[in-house]
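# I'll drop the sequence and a predicted model, then ask my questions.
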Amino acid sequence: VSIVDAEGGLTSPHFKILGNALFSQIEIHKEYGGVFPMLAKREHSKRLPMLLEKTLKEAEMYELSDTKNNPDIWMDIKNILIKEDGLFEDFKKKFENIGAPKIDVISVTSGPGLEPALWVGISFATALGELWGIPVVPANHMEGHIASVLMSEKREIIFPALALLISGGHTEIVKIEDWGKYEIIGETLDDAVGEAFDKVARMLYLPYPGGPEISKLAQKARQENLPHIAKLPRPMIHSHNLNFSFSGLKTAVLYYIRDNFKDKVLSQDDKADIAREFEDCVVDILTIKIKEAIDETSAKTLIIAGGVIANKKLRETFTKMEEEYSELKVLIPTNELSTDNALMIACASYININLYPEIIKRREKIIAKGNLRLKSLS
Ligand code: KG4
Ligand code: ZN
């Protein structure tokens, strides 16, 4: 949950963080080896009121008020929150006596993502909008990742731009003609790159999330200059299009382990060698495709976002691309802004509201769309 003061319009959008609170569920999902949807939903319900309270306090917007709300409002809010276990009771207890903060718009992710989890956020935001009389607008999760770079110091985006969005659920190359004008020009045909990191990590008996673990081991292999024994393929690099396939790479790791470690235990060095080769493969595949995309679109800005860009080797490789392409600016959000967060959703909505001010007045009923795709609105 975040509260942001936004100014500058589409030409020079800038943001001041008034309050921001995040609860990561990684520890909770670790024992399941991945995100467990119903648990994710329950945790969202449990944590949202507390996170909002914390954010309001940080923003100095948490003020007690004696004004009693119309009981009908509470009936409406109960109906909005009816499907979220215990959320209504907690919501009422926490916000019944709090005055409406001076906020112009509430923005909430409507997709893509896990629908049960998205619904919690949508119901919560809708209930708040009802209680405080504030309009609620939907935001696209992937547009949020793109807009996350607006939070950084170096935030000038020259169009046409490209975005490489790499996370546990997505691998897409997006051509951005201008704000709001998106076209997915390449995407994975099967697994997302983060998913491949997580699955390969599991094959190496590493905990979830696998990305950081693989990254650490790969770094060990490079630092200790371990011999390069593992060899893996680079699927689709000659496919003459901008699509990816990570499922074959994952299977290649599986076969490599099966064929070479039948009667031999995987040592820490073996794992490090595989991790380095796997990471190198991912770096090669992503850079080859992005270079093709830059040539095809004459992009002036390259935005890379999503949890996987926390990977050090990828960050270094993409940052260096500025040296290769004199007219290219590479924008990568900080690690905190790369993984899912509410600040990026505020940024995306600010852009959208500037493009389409009528969305505030429309007061449309927001629906969770698990497979929502980025597209140009017009
Ligand atoms: O964007 P994100 O936080 O969540 C969504 O999937 O939407 O991305 C999480 C993914 C996980 O698959 C995780 O393993 C990967 O990002 N990840 C990394 C690193 N840190 C997180 N992958 C490679 N290297 C890392 N250092
Ligand atoms: Zn994400």
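Received the coordinates, thanks. Numbering: from 1, shown residues only. Ligands and ions are numbered 1, 2, ... in the order given.

# For whichever residue of the stretch 151-300 of the chain sits closest to ligand 2, which non-adjacent residue is closest in space?
Of all residues in the stretch 151-300 of the chain, residue 167 sits closest to ligand 2, at 4.5 Å by CB to the ion. The C-beta positions use only the backbone N, C-alpha and C, and glycine is treated the same way. Distance criterion CB to CB, 6 or more residues apart in numbering; nearest residue to residue 167, sequence neighbours excluded, is residue 306 at 3.5 Å.

# Isn't the one you found up against residue 165?
Yes - the pair formed by residue 306 and residue 165 meets the contact definition of CB atoms under 8 Å, at 4.9 Å.

# Help me confirm that residue 204 comes into contact with residue 276.
No - between residue 204 and residue 276 there is no contact under CB under 8 Å: 11.8 Å.

# Mutual contacts of those two, please.
residue 217 (CB atoms under 8 Å, 6 or more residues apart in numbering).

# Number of residues surrounding the residue in the stretch 251-378 of the chain that ligand 1 sits nearest to?
Relative to ligand 1, the nearest point of the stretch 251-378 of the chain is residue 307 (2.1 Å; CB to the nearest ligand atom). Neighbour count for residue 307, taken as other CB atoms under 10 Å: 23.

# what's the answer for residue 71, then?
8.

# per-residue pLDDT, it?
Residue 71 carries a pLDDT value of 84.

# separation between it and residue 96?
In this view, residue 71 and residue 96 are 11 Å apart by CB to CB, to the nearest Å.

# now residue 338
If you go by CB to CB, the gap between residue 338 and residue 96 works out to 37 Å.

# for residue 315, same thing?
In terms of CB to CB, residue 315 sits 46 Å off from residue 96.

# Please apply the same query to residue 368.
From residue 368 to residue 96 the distance is 27 Å (CB to CB).

# now residue 257
56 Å.

# For these two, work out which one has more neighbours and name it.
Per other CB under 10 Å, whichever of residue 257 and residue 96 has more neighbours is residue 257, with 18 against 12.

# which ones are touching the more buried one?
Taking CB under 8 Å, 6+ apart as the test, what residue 257 contacts is 203, 204, 266, 274.

# in what helix or strand does it lie?
helix 247-260 (DSSP states H and E).

# what comes up buried for that helix?
Using 16 or more other CB atoms under 10 Å as the test for burial, helix 247-260 gives 247, 248, 249, 250, 252, 253, 256, 257.

# Let me see the ranges of the strands in the stretch 201-350 of the chain.
301-305, 329-331 (DSSP state E, counting those that start in this stretch).

# quick one on the thing from earlier: can you put the buried residues of helix 247-260 in CSV and add distance to ligand 1 and pLDDT?
Output for those, formatted as CSV (distance: CB to the nearest ligand atom, whole Å; pLDDT from 0 to 100):
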residue, distance to ligand 1, pLDDT
247, 15, 95
248, 18, 93
249, 14, 95
250, 12, 95
252, 18, 96
253, 15, 97
256, 19, 97
257, 19, 97
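
# related to what we said a few turns ago, which of the strands of the stretch 201-350 of the chain sits most buried?
strand 301-305 (a mean of 23; mean count of other CB atoms under 10 Å).

# Residues of the stretch 201-350 of the chain that sit close to ligand 2?
With CB under 5 Å from the ion as the criterion, the stretch 201-350 of the chain meets ligand 2 at residues residue 340.

# Dump the worst-scoring helix or strand of the chain on mean pLDDT to PDB, keeping only the CA atoms.
Using mean pLDDT, DSSP states H and E, the weakest-scoring helix or strand in the chain turns out to be helix 26-30, at a mean of 87. Taking C-alpha atoms only, helix 26-30 is exported to PDB below (Å, rounded to 0.1, in the frame of the first residue of the first chain):
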ATOM      1  CA  ILE A  26       8.000 -15.000   0.500                       C
ATOM      2  CA  GLU A  27       8.600 -16.600   3.900                       C
ATOM      3  CA  ILE A  28       5.000 -17.900   4.100                       C
ATOM      4  CA  HIS A  29       5.200 -19.600   0.700                       C
ATOM      5  CA  LYS A  30       8.700 -20.900   1.100                       C
END
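
# For the helix or strand following it, name the packing helices and strands.
Using DSSP H and E, the helix or strand that follows helix 26-30 in sequence is helix 37-58. The contact analysis (3 or more CB pairs under 8 Å, 6 or more residues apart in numbering; DSSP states H and E) places helix 37-58 against strand 2-7, strand 14-20, helix 26-30, helix 87-95, helix 115-132.

# cutoff 7 Å now
Judged by 3 or more CB pairs under 7 Å, 6 or more residues apart in numbering; DSSP states H and E, helix 37-58 is in contact with strand 14-20, helix 26-30, helix 87-95, helix 115-132.

# what's in contact with the very next helix or strand once past the longest one?
From helix 115-132 onward toward the C-terminus, using DSSP H and E, the following helix or strand is strand 136-140. Among residues not part of strand 136-140, those counted as contacts by CB atoms under 7 Å, 6 or more residues apart in numbering are 105-111, 125-126, 129, 345, 348-349, 353, 359-360, 366, 372, 374.

# could you give me the average pLDDT of strand 136-140?
Rounded mean pLDDT across strand 136-140 is 97.
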